Structure formats: structure tokens, C-alpha cells
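Novice: Give me a model of this one.
(2 chains)
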Amino acid sequence: MNVLMPQAVLAAGVLGALGLGLLRRPPASAVRALVLAAPLTALWLMRGVEPAILAPLIGADVKGLCWQLVIVAGALPLAFMSSGDDVEAALFLGSVLGMSLLAVSGNLLMLFVGLEFMSLPAYLLVARAGQGDGARRLEAALKYFFAGALAGAVFLLGLALYYAETRRLGPALLPLGAQGQAGVALMTAAALFKIGAVPLHWWLPDVYEASAPEVAGFLSTSMKAAAVLFLMRVVSLAPVQASAAVLPWLGALTALVGAFLALRQERLQRLLAYSSLAHAGLLVLGVGAWRALGFDPAAASSLLFYLGAYALLSNGAFAFIRASGVETRAGLRGYAAREPGLAAAFAVLLFALGGMPPTGGFVAKLLIFWQALRVPYAVAAALAGVSALVSLGYYLGLVRDMYFDAPSGAAPRCGCAAARLTVLVCAIGALMLGAAPFLLAGLTGRAWR
Amino acid sequence: MSLLTVLWVLPLAGAAACLFAGRFGRLHARAAALAASAAFFGVSLAVLRPFWAGSGVGVYAVGGSPWAFGISYSLAADGLSAALIVLTSFLNLVCVAASWELEVSGAYWANFLALSSALTGVFLARDLFLFYVFWEATLIPMFFIIGLWGSDNRRHAAMKFFLFTFAGSVFMLLALIALVVAKHSQTGFWTWSLEGLKGAPVGAAGPWIFLGLLLGFGVKIPVVPLHTWLPDAHTEAPAAGSVMLAGVMLKMGLYGLIRVALPLFPRFAQTWAPWMAGVAALGAVYGALCAMAQTDLKRLVAYSSIAHLGFCLLGVVSGAAQGVVGGSLQMINHGITTGALFLMVGFLYERAHKRGLSDFGGLAERAPSLAFFFGFSILASIGLPGLNGFVGEFMCLSGIAHSPISYLSLPVFVVAGVVGVTLAAAYALPAYQAVFWAPEGAGSVSDHVTDLTLREKGILWVLCALMLWIGLAPASWVALLAPSLRGLAP
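Specialist: Predicted structure coming up:
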């Protein structure tokens, strides 16, 4: 089957959503069905896709296809919770299409096309989706746009420098000179920008906080997975890269900064934004380890597992904000007495985000630590361990607020059945990933035999 | 399903049953908890039987081919594991019996049973991945037990307990991974099995790995200066929670030392022994001094635990057979004795809602049976000959005096131990006197205290009988533990 079938389905979804928008009053239910059907069909089609190269633009290796799977699957919660707005649907599907193009890109130009294709709709999605303070969302979207545009420009500059020396849009054949090294460094910086690694993270909390919760979930999972793959493509351009040595340190630093800043947040969505920064730090550390281990498939599969688990955890946690209508930590006090089921599911997600066994979050964290210690990046791993401890301070604090405090004030109610179901499914998934990481032996464990 | 799998799955299933039964009312949940706990105790006795009195030297084991990542589902029980599992199931049953009249939901019982399940898993696991998973899993139910059913400062204490332990265990996890990686560099395949990891070529990273393990276990024991979580957690937890905390959870640290750290690094076990013994002796004296300064009865018992665990550690690192066995036996003694003391403080608190030493007085007249059991347990705790504490402490001190490791047989450790024993009498007896025999003070709440009910007396009779039994006839207990500890005392 053609490698690009999933992309074709997603593109058809975009066109369909735009087409529905031509109607005088677009039927919300049809839009909802479309926005869910397109990624599901794409996922279903991915079963039969084999690694293939359609030179020069498309090169779908095993890594790219696995990533594409996680990216599209991570987008499902947003699709499921869609409001039925036709423009949002088109933007969302367009962004997913861009990510999956990025995943199967065969050279650096196509990578750039994928990058822009996934980012541009996302800026608009942040500005448009959700209710409430429109000015705030617009400000966040602008910030996001400028940050993204800067990242794109930096990438292009790096690409130009790299191309000028090597005359190639793929991996270099010869050791890089100073100009090529500078080019790769710039491209790496662009990728770190998209991931939100410290010190290029300043846009991220504002964007996540102002977006609708489910959009923030999408940005923190699918978008992050795509950005990690982007980083991996860049750091594998040449065997010797001066700039790659900073990755473990930046990763550990990002994990620490995210964890410490999240401690003091009062608004849940901002807290989760900083916590996603802490997780991004571990991912950057993992990419550094993957590079240092000679692009070891086991390390790549560890990153994939982390992203897959995080797709469940982060989407579930953001969906909880949508499902409960609780926006601040104070509003969470005594929540377990009001909504025992939803609170229990959220508690499972929080323990998993904190990396407690027996959940998928623990296995994910273990795998990244493992890769880091194989290199061995002992100090960076120890710093990441400190970050895990600090981050438990707020995850556990949320559980404490929910369970150990008496409820105060009236409960905000929200009838979002889809969001509630998402939280529940994500929590069950988190437990299953932890209780049976070994079911995935076929996917992630093959490289370990 | 193998018996060992049943052993940890059974209480977990019991926890689920309690949650489910809780939907039909408190009494159903309570009955489910009792049934599950009794069944768990029964099965644990079945596991203990072959090792009793040293008749079985081998181990029960469930092995298995490795899953992904070199992890295997491998469980085993020997005398030490079996003894600690029986201690777990026994104290769990005691907790259920002691909480019988509490008006609590099904979640209360479910947390206790889930805790027992995880603790059992820790004592059974022979694969370090499994060990770590069970180790961490114990934190979650105890977090809820302290936070939901504890006293005034429970929110803070629950967080402190969790974060302190996690701080230790995150470095333990890194150390375990580093060990697995080191072994992989030698053999070329991944394993997490305890047996398979012996002799890993750790090189220069060795001290760091050992230190990581010590940190994880040391917080749990707890050794001074990593002990500051303990007084808060033990004081704020509900009575039954304190029993499980002091009775079993503190033993996890020493068990980890005996089962994982010392056998994997026999060389460090020798060279670091004086330092570890120094920390242990410090704990034995410092814990006792802190206990002397307490005005809250429950906090006093909590600090006495630090002192007792210091004794256990002193025995375990001594490298002499009687010390290692004595340290292990003292773990069980401490579980029984301190469990009884925490229960009785809990009974007092239920009646008077006070715990201060100065809040009581003259209780011996109002509650004579409570005075009897309290006095009996105090005497066991301070090591009166004929009761269990004496046996354990004597063996620990004798072990350190006859230690084959250089520096360890220096008199300073024995002297510190003897000082600790003396101080134990100096904090425990005045407290006992103040609460039970001194005349009632002005603000005394002694008139709220009624004597023990039949149920409470029954529980304490069993506990005190065990103290007397181990005190008078420790031979069969020593024979139970000794075969599993041979590797530590060459």
C-alpha cells in the first residue's frame, strides 16, 4: 500500500471540513464525525504501511512510521472532544497532516514543509478554539506564532549553512566543517525551540495556559512527539556534532526548571504546562542518549514508549480540566468527595505523571533513565532524578488537595461526557501500560533481545 | 497459580472486595476485610511451615523466562522472607481487629490490604524490577492511610512521608539501573534478577551505586540523619497505620540491605561496615535521647523506633552470625512490641483524644488491664530478660563485640549500644510512670479512659504471648532465620 495513504485520508478530512464550512449552517454532528473518522481511518490504514522511500521527498523508515502512529493516536482525544466547529476541525486535521508529513519526510526541505504545515494551523487553533477570554488567547497565539516563525527562520538559516557546505539535504557523507557544524547547531536550536527546552521555553506556558484544555493536551503530546522526531532527524545528520553534547545537560536543566516552576503555579493548566516542560526535559535527555549510543534502536523505542505513555497521561490530565471545569488548585480541594470516579481517574493520571509504579509513567521514566545511564550520563540522570522528586511535590499535592481537604464552595459542573470518558480511558490506559509493559514487547522490546 | 503468587494477589483481591463490599455498607466492607485478612494470614502460615525451626533449608521459588527488558517474574521465599510475610499478615489481621469499631468506609480496609499486598511483594521479589515496583507501590496506600484517617497534621505528614521515601528510592532506582547496565557490559544480555546481578563489574561507579542503594534503604530504616519523616508520619497516622508503619514498613529498609545491598556488594559490606555501624550506633543513642525529650506518648514511641532500628542495623552490619540473626530477629520483635505500644496509644487516644504525657495520670486504677499490657510491652521494648527485646538486643551487641571486621570490634560500638539500652529504660519507664502511676494532674483527662474491651484485650494477649514466647524460647525463631542469613556472616 502506498506510504502516503494516511496522509491522503487526513488531507481529504481537511477538505471535507472546509467543504462543510461552505454550507450556510455547518452541521456540528457531521463535523464531529468527520474529525474523528479521519484520524481513525488514517490509523487503520497505517497497519498495512511498510517502510518505503519515494525519493527525494518521502522516506518513511520504521522510526517515522512508529512516530506517525503515536502522533495520530495522541491527537484522538482532541478529535473525540471536538466542539463541532468546522474551521477548528480543518485546522486540527491540517496540523495532524503536517505532523504526519514531517514523520515520513525524506529530506530536510520536506522536514521544513512538515514543520510549517503542522505549526501554522496550530497557531490559529490556539487563537480560535475554546470559550472565554479571547484577547488572552489571541495574545498567546501571537506569541506562539512569533516563537514558531523564529524557530522556522533559524532552521532555514541553519539549513542554508549546512547545504552550502555539504550540498546535501540529507545526512552528511563527510565530517562537517565549521560552517556545517554551525548549520546543524542552528537546526538543533530550532528543534529545541519547538520542544520548548530551556532556555527556549518562554512561549510555552503562556500558550498552554491560554489554549482550550484539549488543545493544550494536543500540543503537549502530538506536537511534542513530532518535535522530538524533528530533533532526532537533525541530530542524526552527521556522526560528529559539536552541538549535540549539550543535549543531556539541556534536558536535565529543562526537567529541573519545569519541575521547580510548576511547584508554585496556582492555575491547573499552567501547572500542567510547566510539568510538560519537565517531561520534555527527559525527552531531550533521551534524544541525547540515543545519539550517544550510536542511534541505538532500543533507545529510540524507549523514547517512543515515553511519548506513547505521555500521550495518554497528558491528554487525560488536560481532559480532566475540561471534564471537571476546575481551573485552579483551590477549586480542586475536596474534589474527591464530589466526584469520586473522576477524581480517582485523575489521581491515577497524576501518580503516573509523577512516575510511580505500577503505571505506564514509571516504565517510561525508567526507560529514559536506563538509556541515560547506558551512555553513561550519570550526573544528568541524577539531576533528572531530582526533577522527578520535585515534580512529585505538585502531582502529589494535587492528590492531597483532592482527597484530604473538605470541599469548599459550589462545584463547577460541566456536562462534557466526551471529556469524562477521555479521562477515564486515559487512566485505564496508564494503568495497563504499567501493569503490562511487557505486552508491548513486540513494539519496544524487540530491540532488547 | 503458585502459592507465592497467591500470597500477594490474595490481599490485593481482598482490597478490591472491600471496595466493592463498601457499596453495600460499612459492615459488609468490614466483614470482607476480616475474611480477606484471615485468609491471607492462613496462606502465609502455609508458606512459613516448611522453614519453621530450620527444617527446610531451600527456598520456594517461582521462576520464569525473562519478559522484555530482561525483567522476569521471579519470586522466592526463604526463612527470612517467610517470617516477615507472616509478620505482615499477622499485623494486618491485628490492624483489622483493632479498627473493628471504627466508622470507616471500605476504602480504609482496602488501603490496608493493598499495603499488605505490596509489602508481601517486596519480601518475595527476587527480580529487582519487581522489587522496586512493590517497594514504591507501598507508598500509595500508606499515603492515603495517613492523609485520610490521620490526626490533625495529617496532610503535611502524608506528603512528607511520601516525598522523603521517594527521594531515597529515586536514587536507589538509578543505582539499580547502573548495576543492570554494568552487568550487561560483561555478559551482553539484560537481567534484573538478584542472582544474575551478583559480581557485576561496577568499576569506579561501585561506591556510587552502593551509596544509592544505601540512600534508598537508609531513608526507610530510617538511619539518623535521614529519619526526620518518621516522627511526623508515625504520630499523625491512625493507630493501625502506625502499627503497619513501624511494624512492617521500617523493616523494608533493613530487608533491602540484607537481601540486596550487602549480598551484591560483599566487599563494600566489609569496608563500609564501620561507617554503617557508626550511623547505627548514632541512631540508637540519638533516637533514645530524642525519645527522652518527648511530651507526646505517640511521638515517644516513634522515636524509640529509631533507636531500636539502630540496634537492628548494628547487628546486621556486624558480619558475625549472632549479630546478623539477632538484627533480623529484632526486626520481628520490634514489629510485635512497637505494634502493641502503638495500638495501646491508639486505644488511649480513642477514649480521651489526648496523647500528652501530662494529660494523664493514675490510669493504673482506672484501666488496670491497659496498665498491665502497657507495662508488659514497655518491659519487652527496653529489653527485660525473659522477653523478646532482650534476646534481639543481646544478640546484636554480642555480634558487634565478636565482629570479624576490623574496627567494628572496637569497644565504642558496644558502649554506644549499652548506652542506648540504658537510655531506653530512662525514657520508657518515666513515661509509663507518668501516665499510669503518677497522681492525676490538674488538666488530666484520665476520667475519660475506660478499661480495655474484651476484643482489645484479646488482641493484646496474643501480642504479649508472642513477646514472652520469643523471649523464653528463641531457638526455633533463630533456626528459622539463620539459614537465610548465612551469606552475610562468613
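Novice: Buried residues of the longest helix anywhere in chain A, list them for me.
Specialist: Ranked by residue count under DSSP state H, the longest helix found in chain A is helix A:134-166. Using 16 or more other Cβ atoms under 10 Å in any protein chain shown as the test for burial, helix A:134-166 gives A:137, A:140-141, A:143-145, A:147-148, A:151-152, A:154-159, A:161-162, A:165-166. In short, each C-beta sits where N, CA and C put it, glycine included.
Novice: Same question for stretch A:24-41.
Specialist: Neighbour-count burial for stretch A:24-41 [16+ other Cβ under 10 Å]: A:26, A:30-32, A:34-36, A:38-41.
Novice: picking up where we left off before, which strands and helices lie in contact with the longest helix of chain A?
Specialist: The contact analysis (3 or more Cβ pairs under 8 Å, 6 or more residues apart in numbering or on different chains; DSSP states H and E) places helix A:134-166 against helix A:108-128, helix A:178-195, helix A:204-210.
Novice: Is it possible to get TSV of those that adds mean pLDDT?
Specialist: Below are these laid out as TSV (pLDDT from 0 to 100):
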stretch	mean pLDDT
helix A:108-128	93
helix A:178-195	94
helix A:204-210	92
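Novice: okay, those helices, which one's buried deepest?
Specialist: helix A:204-210 (a mean of 24; mean count of other Cβ atoms under 10 Å in any protein chain shown).
Novice: What helices and strands are in contact with that helix?
Specialist: helix A:134-166, helix A:213-218, helix A:268-292.
Novice: Can you show me the CA trace of that helix as CSV?
Specialist: The C-alpha trace of helix A:204-210 is given here as CSV (Å, rounded to 0.1, in the frame of the first residue of the first chain):
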residue,chain,number,x,y,z
LEU,A,204,5.2,27.5,26.1
PRO,A,205,3.5,28.1,29.4
ASP,A,206,1.5,31.1,28.1
VAL,A,207,0.4,29.2,25.1
TYR,A,208,-0.7,26.1,27.0
GLU,A,209,-2.4,28.2,29.6
ALA,A,210,-4.5,30.3,27.2
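Novice: Off-centre distance for that helix?
Specialist: Distance of helix A:204-210 from the chain centroid (Cα atoms, centre = their mean, to the nearest Å) equals 14 Å.
Novice: Tell me where the model's unsure across the chain.
Specialist: Because you didn't say which chain, this covers chain A. In the predicted model of chain A, residues A:1, A:130-132, A:409-415, A:436-449 satisfy pLDDT under 70.
Novice: meant chain B actually
Specialist: B:1, B:53-61, B:63-67, B:490.
Novice: What residues does chain B have near chain A?
Specialist: Listed as neighbours of chain A in chain B under the rule Cβ under 8 Å from any Cβ of the partner chain: B:67-71, B:132-133, B:136-137, B:139-140, B:143-144, B:147-148, B:154-155, B:158-159, B:162-163, B:166-167, B:170-171, B:173-174, B:177-178, B:180-181, B:190, B:205, B:208.
Novice: Keep only those of those residues that are in helices.
Specialist: B:132-133, B:136-137, B:139-140, B:143-144, B:147-148, B:154-155, B:158-159, B:162-163, B:166-167, B:170-171, B:173-174, B:177-178, B:180-181, B:208.
Novice: Identify each buried residue in the helix or strand encompassing B:Cys290, please.
Specialist: Element membership for B:Cys290, per DSSP states H and E: helix B:273-292. By neighbour count on 16+ other Cβ under 10 Å, the buried set for helix B:273-292 is B:273-274, B:276-292.
Novice: A:Leu332: what's it in contact with?
Specialist: Residues near A:Leu332 by Cβ atoms under 8 Å, 6 or more residues apart in numbering or on different chains: A:268, A:326, A:398, A:401-402.
Novice: Output these as TSV; include the columns secondary structure.
Specialist: TSV is the format used below for the contacts of A:Leu332 (DSSP: H, G, I helix; E, B strand; the rest coil):
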residue	secondary structure
A:Leu268	helix
A:Val326	coil
A:Leu398	helix
A:Asp401	helix
A:Met402	helix
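Novice: Now neighbour count and distance to chain B too, for these, in TSV please.
Specialist: Putting the contacts of A:Leu332 into TSV (neighbours: other Cβ atoms under 10 Å in any protein chain shown; distance: Cβ to the nearest Cβ, whole Å) gives the following:
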residue	neighbour count	distance to chain B
A:Leu268	22	18
A:Val326	23	19
A:Leu398	23	11
A:Asp401	18	9
A:Met402	26	10
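Novice: B:Leu163 touches A:Tyr394, doesn't it?
Specialist: No: if you go by Cβ atoms under 8 Å, B:Leu163 and A:Tyr394 don't touch, sitting 11.0 Å apart.
Novice: who has more neighbours, those two?
Specialist: A:Tyr394 (24 against 18; other Cβ atoms under 10 Å in any protein chain shown).
Novice: Centre of the chain to the helix or strand where the more buried one lies, how far?
Specialist: Element membership for A:Tyr394 (DSSP H and E) is helix A:378-404. A distance of 20 Å separates the C-alpha centroid of helix A:378-404 from that of its chain, computed with Cα atoms, centre = their mean.
Novice: So which elements touch the helix or strand that it is followed by?
Specialist: The helix or strand immediately downstream of helix A:378-404 is helix A:417-435, counting by DSSP H and E. Counting by 3+ Cβ pairs under 8 Å, 6+ apart, the packing neighbours recorded for helix A:417-435 are helix A:62-80, helix A:297-324, helix A:340-353, helix A:360-374.
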